[in-house]
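Asker: this one's structure only:
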Ligand code: IPM
Ligand code: MN
């Protein structure tokens, strides 16, 4: 297969983890005789520094015409502590999600047999966890009306959802549930928020189209608690943008390290694959960040291209590296910590 992949390394550890994913993908391409053409493009703080904005038009054109986008991370501490900054790296990510129509963010949470005891949660609670949070990604408070009034002393961000936005996300949730254990949980705050009541009403009306799917409705605060108490109680979760942002960070630690969980953003056309961790600026340039979440995001990409064997090979080699202790310092404890680049080299060599 011939694939054009836009490569958006971004900020912080982004370039380092992306490099490892490229090594692994190239090795897979050689093994299965695919031709991958990488199309690097600027985004985030790196793009602000180069051209003054975090998601330049050139980058959008490259992404929109590619078969998929592989994304590292964006964000830089110099913007975080400056509330007056006019342009921010994160705006690039939001603009990209919106312009590419990436309305659904697929964030799986699963455990690795060799890492169960690295999780902050007890083995018996998490072993066998396998859930997917489907986060709405182009609506809600992230894209609502915002501003200041009262001479800057009052600030507001509004959470707005249309029935159509909820429906298109819920369709993906129902479809995903049909391919798994047929359980779907709609997470909202319908006891307080009007937008959540629209979520509930919309999803309830869709239940008749998927008679085999067992749907539950839970409040987000309770789900935050149950996710760490008994994650095996969930299969597919659908939720709005901000709730999903928070719950997916929470869920990511179940596996033992935030550096492990991949994600896919899907929607109208081009799909985007990225680790769920951020730019981890403290580690940037040190060759110590865990590249596995990005490598596993590439596995999701192959799977979506219908290249199941390729995806399985990547997952197998990742499991092998974990079992053999070829890991970065977040997972090494007292044993030797490997460099980011060493882990990438090892994976690329062993994926054959
Ligand atoms: C994520 C990130 C982003 C988000 C930030 C960087 C804007 O936290 O992808 O989860 O909040 O969506
Ligand atoms: Mn987040």
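Answerer: Thanks, I have it. Since we're looking at a predicted model, the values are computed, not measured. Ligands and ions are numbered 1, 2, ... in the order given.
Asker: use CA for all of it now, contacts and neighbours both
Answerer: OK.
Asker: Tell me which residues touch the closest residue to residue 285 other than its chain neighbours, please.
Answerer: Of all residues beyond its chain neighbours, the one nearest residue 285 is residue 13 (6.8 Å), with distances taken as C-alpha to C-alpha, 6 or more residues apart in numbering. By C-alpha atoms under 8 Å, 6 or more residues apart in numbering, residue 13 lies in contact with 72-73, 279-281, 283-285, 289.
Asker: Could you list which of those residues belong to strands?
Answerer: Taking DSSP state E as the definition of strands, these contribute 72-73.
Asker: just the strands in the stretch 101-250 of the chain please.
Answerer: If DSSP state E, counting those that start in this stretch is used as the criterion, the strands of the stretch 101-250 of the chain fall at 104-110, 130-136, 146-149, 154-157, 183-188, 214-219, 236-239.
Asker: what's the spacing between the last one and its chain's center?
Answerer: Spelled out, that is strand 236-239. Mean-position distance between strand 236-239 and its chain equals 14 Å (C-alpha atoms, centre = their mean, to the nearest Å).
Asker: among the strands of the stretch 101-250 of the chain, which is the most enclosed?
Answerer: Greatest average neighbour count among the strands of the stretch 101-250 of the chain goes to strand 236-239 (a mean of 28), per mean count of other C-alpha atoms under 10 Å.
Asker: Could you tell me which of the contacts of residue 13 count as buried?
Answerer: By neighbour count, with 16 or more other C-alpha atoms under 10 Å, these hold 72-73, 279-281, 284, 289 as buried.
Asker: can you list the residues you listed in CSV and add distance to residue 164 and pLDDT?
Answerer: CSV is the format used below for these (distance: C-alpha to C-alpha, whole Å; pLDDT from 0 to 100):
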residue, distance to residue 164, pLDDT
72, 30, 98
73, 30, 96
279, 33, 95
280, 36, 95
281, 38, 95
284, 40, 97
289, 40, 97
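Asker: Return the subset of those lying in helices.
Answerer: Counting by DSSP state H, those place none of their members in helices.
Asker: Any regions of the protein where pLDDT drops low?
Answerer: Scanning the chain for pLDDT under 70 picks out nothing.
Asker: That one: helices as residue ranges?
Answerer: Ranges of helices in the chain, per DSSP H, are 14-32, 44-51, 57-65, 77-80, 89-99, 123-126, 163-179, 194-206, 220-229, 241-252, 292-304, 308-323, 329-332, 340-350.
Asker: Who's the closest spatial neighbour of residue 148, skipping the chain neighbours?
Answerer: Spatially, and ignoring its direct neighbours in sequence, residue 148 is nearest to residue 155 (4.3 Å; C-alpha to C-alpha, 6+ apart).
Asker: same thing with residue 218?
Answerer: Nearest residue to residue 218, sequence neighbours excluded (C-alpha to C-alpha, 6+ apart): residue 187, at 5.1 Å.
Asker: Assess the claim that that neighbour and residue 222 are in contact.
Answerer: No: using C-alpha atoms under 8 Å as the test, residue 187 is too far from residue 222 to be in contact (9.3 Å).
Asker: can the buried ones among the contacts of residue 13 go into JSON lines with extra columns for distance to residue 272?
Answerer: Below are the buried ones among the contacts of residue 13 laid out as JSON lines (distance: C-alpha to C-alpha, whole Å):
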{"residue": "72", "distance to residue 272": "10"}
{"residue": "73", "distance to residue 272": "12"}
{"residue": "279", "distance to residue 272": "17"}
{"residue": "280", "distance to residue 272": "20"}
{"residue": "281", "distance to residue 272": "22"}
{"residue": "284", "distance to residue 272": "23"}
{"residue": "289", "distance to residue 272": "21"}
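Asker: Name the nearest of the residues you listed relative to residue 270.
Answerer: residue 72 (16.4 Å; C-alpha to C-alpha).
Asker: Please name the residues that touch the closest one.
Answerer: 8-11, 13-15, 17-18, 274-275, 279, 294.
Asker: same question, residue 259
Answerer: With C-alpha under 8 Å, 6+ apart, residue 259 has these contacts: 275-277, 289-293.
Asker: Leaving out the residues flanking it, which one is nearest to the residue sitting nearest the centre point of the chain?
Answerer: Closest to where the C-alpha atoms of the chain average out (C-alpha atoms, centre = their mean) is residue 263, at 3.1 Å. Spatial nearest neighbour of residue 263, chain neighbours left out: residue 107 (4.8 Å); criterion: C-alpha to C-alpha, 6+ apart.
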